[in-house]
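>>> Below are the sequence and a predicted model for it; my questions follow.
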Amino acid sequence: MPAALLLLIVGVGAAFFLYPRPAAASIDESGGAGSSPPSSTWSPPDRAQPYLNAIADAEARYGIPHNLQARQLDIESDHYAPDVIDGSRISATGDIGIAQFQPATAAELGVDPTDPFASIDAAARYLRQLFDQFGSWDAALAAYNWGPGNVQRKGLAAAPASTVAYFSKILADVGLA
């Protein structure tokens with residue numbers, strides 16, 4: 001068998017094995033329609049309640065594992081703090097809203113970062129793009145936190161400790177580490 005054909009077969013097989021299954025549409029512990037979420041030590045806080053349906057829809061739409069975006073937004077928004085979500089508290093680096101978008105990133109995604117529901121969808125779409133670009137949830141989360149250019153140029157192994165803690169915590173809390 002020619003080496004190129006063998007490589008193609010292995011690559012296609014790996015893609016089927018590694019490509020994520022669509023997330024359950026539910027964000028509760030039952031996992032929704034016939035699918036159970038990974039074992040998790042984390043559940044969304046009460047302040048997340050108004051956003052959980054939108055998060056579950058976005059996770060399902062973009063094939064993001066159960067509760068991954070919910071946990072990421074929990075960290076990004078300081079545990080769904082209303083003043084972060086509405087944009088009245090902006091981070092020291094200029095990040096705004098529930099998804100803590102930089103103004104340029106929000107503009108690229110075509111979203112008002114102070115609109116939590118539009119930001120939830122845009123953040124999920126962006127996270128999925130990063131996953132498709134880098135091939136793993138740890139690298140996608142690192143790119144979201146540290147910037148895709150940094151991950152591409154320097155590699156995940158060079159990520160700062162704060163970025164490693166960010167993606168490690170999210171993945172562990174939702175049962176993916």
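Received the coordinates, thanks.

>>> Where is the longest helix in this protein?
As assigned by DSSP state H, the longest helix anywhere in the chain is helix 116-134.

>>> Tell me the helices and strands packed up against that helix.
Helix 116-134 sits against helix 52-62, helix 68-76, helix 103-109, helix 137-146, helix 148-154, with contacts defined as 3 or more CB pairs under 8 Å, 6 or more residues apart in numbering; DSSP states H and E. Just so you know, the C-beta spots here come from the backbone N, C-alpha and C atoms, and that holds for glycine as well.

>>> okay, how far is it across stretch 76-83, tip to tip?
Counting by CA to CA, to the nearest Å, you get 12 Å between the two ends of stretch 76-83.

>>> Deepest-packed of the helices and strands packed on helix 116-134, please.
Across the helices and strands packed on helix 116-134, averaging neighbours per residue (mean count of other CB atoms under 10 Å) puts helix 68-76 on top, at a mean of 25.

>>> Next, the angle from it to helix 52-62.
130 degrees (axes from the mean of the first three to the mean of the last three CA atoms, to 10 degrees).

>>> Now do helix 68-76: everything it contacts.
23, 27, 42, 44-45, 48, 51-52, 55-56, 58-59, 80, 95, 98-100, 120, 123-124, 127, 137, 141, 144, 166, 169-171, 173-174, 176 (CB atoms under 8 Å, 6 or more residues apart in numbering).

>>> Between helix 116-134 and that helix, find me the angle.
Inter-element angle recorded for helix 68-76 and helix 116-134: 110 degrees (by the same axes, to 10 degrees).

>>> For the helix or strand just after helix 68-76, which residues meet the burial criterion?
Using DSSP states H and E, the helix or strand that follows helix 68-76 in sequence is helix 82-85. Neighbour counts over helix 82-85 (16 or more other CB atoms under 10 Å) mark 84-85 as buried.

>>> what does helix 82-85 rub up against?
Contacts for helix 82-85 (CB under 8 Å, 6+ apart): 47, 77-78, 89, 97-98, 100, 114, 116.

>>> chain center to that helix, what's the gap?
19 Å (CA atoms, centre = their mean, to the nearest Å).

>>> I figured P44 hits A56, correct?
No. Using CB atoms under 8 Å as the test, P44 is too far from A56 to be in contact (10.1 Å).

>>> quick revisit: most widely separated two among the contacts of helix 82-85?
The two members of those with the most space between them (CB to CB) are R47 and T114, at 16.7 Å.

>>> ok, and the most crowded of the contacts of helix 82-85?
I98 (29 neighbours; other CB atoms under 10 Å).
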